[in-house]
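Engineer: have a look; sequence and predicted model below, questions after that.
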There are 2 protein chains.
Amino acid sequence: MNKCDQCIVRQLSSLKALNKEEVIKLANSKTTHKIKKGEAIFEEGEVTNGVFCVKDGVGKLSKLSANGKDQIIKLVKSGELLGQRSMISNEPANLSAKAIADMEVCFIPKSEIIHFFNNNNQFSLNLMQSVCEDLKESENDKIALVQKTVKQRLAETLLHLHDAFGENADKTLKVQLTREELAGMIGTATESCIRLLSDFNKLELIELVGKKIVLKDIKALKRLSEQL
Amino acid sequence: MNKCDQCIVRQLSSLKALNKEEVIKLANSKTTHKIKKGEAIFEEGEVTNGVFCVKDGVGKLSKLSANGKDQIIKLVKSGELLGQRSMISNEPANLSAKAIADMEVCFIPKSEIIHFFNNNNQFSLNLMQSVCEDLKESENDKIALVQKTVKQRLAETLLHLHDAFGENADKTLKVQLTREELAGMIGTATESCIRLLSDFNKLELIELVGKKIVLKDIKALKRLSEQL
DNA sequence: ATTCTAACATGATAAATGTCATAGTTATAG
DNA sequence: CTATAACTATGACATTTATCATGTTAGAAT
């Protein structure tokens, strides 16, 4: 007996529009994969021919630059789909997807998705809306990159991580990113990121618990991220 | 007699998937508008409730920042649709759309688009692909903003303008942007943009003909925009 | 436990870019 | 045809951020 019906992805993603029959079809065509922290789900330039459902774990979509820095475009967590854009555009992946925490993902072949897209209006609308959501976020990120300082972007990103992933029992952020990855998210040098974290620590905006981070003064961080 | 059938937008945009019957339906529901240079089609925060077809002219999608700078997200030209994203997301516009050169646009009400989306698979796929295209571009822009210098981004943007809009008989770029708008596209201060244009002029990469720009050494510009 | 490696941290310095001031130029309204 | 505003241009300077160097710490492997 398959479990697609109960799967978190089915509850949160565009797939929630599928009916019983479609879910059965889905369950029969999907394949499940475990990806260890650090491993890739797919690499930039690969032809994926389908989408990945994130059942568990956290991943990053990133692009490696010529100078060796890895720019992170988006983090994905359980419940989300991955690789929709390149599948729909019929193009090789523009970004690499790698696990930041051990992941469990299911692969759904393109043919299935296209079938759902053509036969289920709610599904196609959902899928469309999720791409639109990504687009809006990307445009807003672009604006932030230009109009905000590194300090503001760091504050903003910490708040976003807190919002999207929550905190552990000890108040530390649940997503565990290296300083380098955090730098990659805000678009700055690793050293600059570390330096600013130190500053924030001294200002008691955050607390550094080993490599983990606690947001101590969320209001101040918010003010900082929005200030003129 | 309406002319939607012959319209350039119908030939270039997602609307090319519409059949005769649908085009007639479209022609009966659309309204045509003339927008003068500098005027807005819609402003950030407005609820548009439909999409705009660009029949003629050039427009910019931009967002005004708190410090008064206008960040340009995208230029649109004849044949393109405008406002698809916010319509699909059911949200007020995230960006303002303004004319850079006198424009002629048609407004198509949301109900029509949704009807086509639900009844014409090819149309919905086209629409989806166009949003995906925007997303890919936006992600690549984001990466460029972080990984390239202002100089490189200027070179890249000049090439893109040349590519997308072409040149006049005197070789000057066809889109006429102010230095401020150009700065808004590459995400820098107007003065920095002007200064770099001067530099490029001295290096004979471009020629400044009054306010217009001629690309003199496209290969060198390309090299510059890609160099490490 | 010891060594080794990757991650974190910080100082010194350089480079890129923004800001402010000021002046010349062009377009446009009256 | 002038006056006025908007745009273009350039210099001087301040600030931000990247880069390079170096040291420290923490975790993994032997």
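Structural biologist: Looks like it arrived, so ask away. Residues are numbered from 1 along each chain as shown, chains lettered A, B, ... in the order given.

Engineer: beta-bridge partners for residue A:213, please?
Structural biologist: Residue A:213 has these beta-bridge partners by DSSP bridges: residue A:208.

Engineer: oh, that last question was meant for residue A:99, not what I typed.
Structural biologist: Here residue A:99, judged by DSSP bridges, has bridge partners residue A:59.

Engineer: pLDDT below threshold where in chain A?
Structural biologist: Along chain A, the model assigns pLDDT under 70 to residues A:1-2, A:228.

Engineer: near chain B, which residues of it show up?
Structural biologist: A:63, A:65-67, A:69, A:71, A:73, A:85, A:88-89, A:91, A:94-95, A:117-118, A:121, A:124-125, A:127-129, A:131-136, A:138-143, A:145-147, A:187-188, A:228 (C-beta under 8 Å from any C-beta of the partner chain). Every residue, glycine included, has its C-beta placed from N, CA and C.

Engineer: buried ones among these?
Structural biologist: By neighbour count, with 16 or more other C-beta atoms under 10 Å in any protein chain shown, the residues of chain A next to chain B hold A:63, A:65, A:69, A:71, A:73, A:85, A:88-89, A:94-95, A:117, A:121, A:124-125, A:127-129, A:131-132, A:134-136, A:138-139, A:141-143, A:145-147, A:187-188 as buried.

Engineer: so which of the residues you listed are in strands?
Structural biologist: A:63, A:71, A:73 (DSSP state E).

Engineer: so chain A: which segments form each domain?
Structural biologist: Chain A is divided into the following domains under automatic domain parsing: A:4-124, A:145-226.

Engineer: give me the subset of the buried ones among the residues of chain A next to chain B touching DNA strand D.
Structural biologist: A:187-188 (C-beta under 7 Å from any atom of the strand).

Engineer: and residue A:81, how close does it get to DNA strand C?
Structural biologist: Distance of residue A:81 to DNA strand C, given as C-beta to the nearest atom of the strand, to the nearest Å: 28 Å.

Engineer: so who does that residue touch?
Structural biologist: Contacts for residue A:81 (C-beta atoms under 8 Å, 6 or more residues apart in numbering or on different chains) come out as A:9, A:13-15, A:51-54, A:130.

Engineer: those in helices, which ones?
Structural biologist: When DSSP state H is applied, these are split such that A:9, A:130 fall in helices.

Engineer: let's have the contacts of residue A:81 in CSV, adding distance to residue A:35 and neighbour count.
Structural biologist: Listed next are the contacts of residue A:81 as CSV, based on distance: C-beta to C-beta, whole Å; neighbours: other C-beta atoms under 10 Å in any protein chain shown:
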residue, distance to residue A:35, neighbour count
A:9, 15, 22
A:13, 18, 23
A:14, 22, 26
A:15, 20, 24
A:51, 15, 25
A:52, 9, 26
A:53, 12, 26
A:54, 10, 26
A:130, 21, 16
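
Engineer: list just the nearest of the contacts of residue A:81 to chain B.
Structural biologist: Each of these was checked against chain B using C-beta to the nearest C-beta; the closest is residue A:130, at 9.7 Å.

Engineer: got the contact list for the closest one?
Structural biologist: A:13-14, A:81, A:84.

Engineer: at 7 Å instead, please
Structural biologist: Residue A:130 makes contacts with residue A:14, as judged by C-beta atoms under 7 Å, 6 or more residues apart in numbering or on different chains.

Engineer: now do the one 4 residues further on
Structural biologist: Taking C-beta under 7 Å, 6+ apart as the contact definition, residue A:134 lies against residue B:135.

Engineer: sorry, back to before: tell me which of the contacts of residue A:81 fall in strands.
Structural biologist: A:51-54.

Engineer: pick the one among those closest to residue A:105.
Structural biologist: Comparing these against residue A:105 with C-beta to C-beta places residue A:52 closest, at 4.7 Å.

Engineer: returning to what we had before: columns distance to residue A:210 on top of the ones in strands among the contacts of residue A:81, output as a markdown table?
Structural biologist: Shown next, in a markdown table, are these (distance: C-beta to C-beta, whole Å):
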| residue | distance to residue A:210 |
| --- | --- |
| A:51 | 36 |
| A:52 | 32 |
| A:53 | 33 |
| A:54 | 27 |
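
Engineer: what segments of chain A are helices?
Structural biologist: Under DSSP H, chain A gives helices at A:8-12, A:20-29, A:84-89, A:110-119, A:121-147, A:150-165, A:179-186, A:190-202, A:218-226.

Engineer: of the ones you listed, which is nearest residue B:204?
Structural biologist: So among the helices of chain A, helix A:121-147 is nearest, using C-beta to C-beta, at 29.1 Å.

Engineer: rewinding a little: please identify which pair of the ones in strands among the contacts of residue A:81 lies farthest apart.
Structural biologist: Farthest pair in the ones in strands among the contacts of residue A:81, by C-beta to C-beta: A:51 and A:54, 10.2 Å.

Engineer: give me the common contacts of these two.
Structural biologist: Common contacts of residue A:51 and residue A:54, defined by C-beta under 7 Å, 6+ apart, comprise residue A:82.

Engineer: what's the closest of the contacts of residue A:81 to residue B:204?
Structural biologist: residue A:130 (47.6 Å).

Engineer: distance check, the closest one against residue A:84.
Structural biologist: Going from residue A:130 to residue A:84 by C-beta to C-beta, to the nearest Å gives 7 Å.

Engineer: and for residue A:15?
Structural biologist: Counting by C-beta to C-beta, the gap from residue A:15 to residue A:84 is 11 Å.

Engineer: with residue A:115 instead?
Structural biologist: 15 Å.

Engineer: next, the contact list for residue A:4, please.
Structural biologist: Per C-beta under 7 Å, 6+ apart, neighbours of residue A:4: A:10, A:23, A:26-27, A:30.

Engineer: residue B:164 versus the residue nearest to it when sequence neighbours are not counted, what's the distance?
Structural biologist: Spatial nearest neighbour of residue A:4, chain neighbours left out: residue A:27 (4.2 Å); criterion: C-beta to C-beta, 6 or more residues apart in numbering or on different chains. Using C-beta to C-beta, we find residue A:27 at a distance of 45 Å from residue B:164.

Engineer: which one's more surrounded, these two?
Structural biologist: residue A:27 (16 against 12; other C-beta atoms under 10 Å in any protein chain shown).

Engineer: which parts of chain A sit against DNA strand D?
Structural biologist: So chain A meets DNA strand D at A:67, A:149-151, A:187-189, A:191-192, A:210-211 (C-beta under 7 Å from any atom of the strand).
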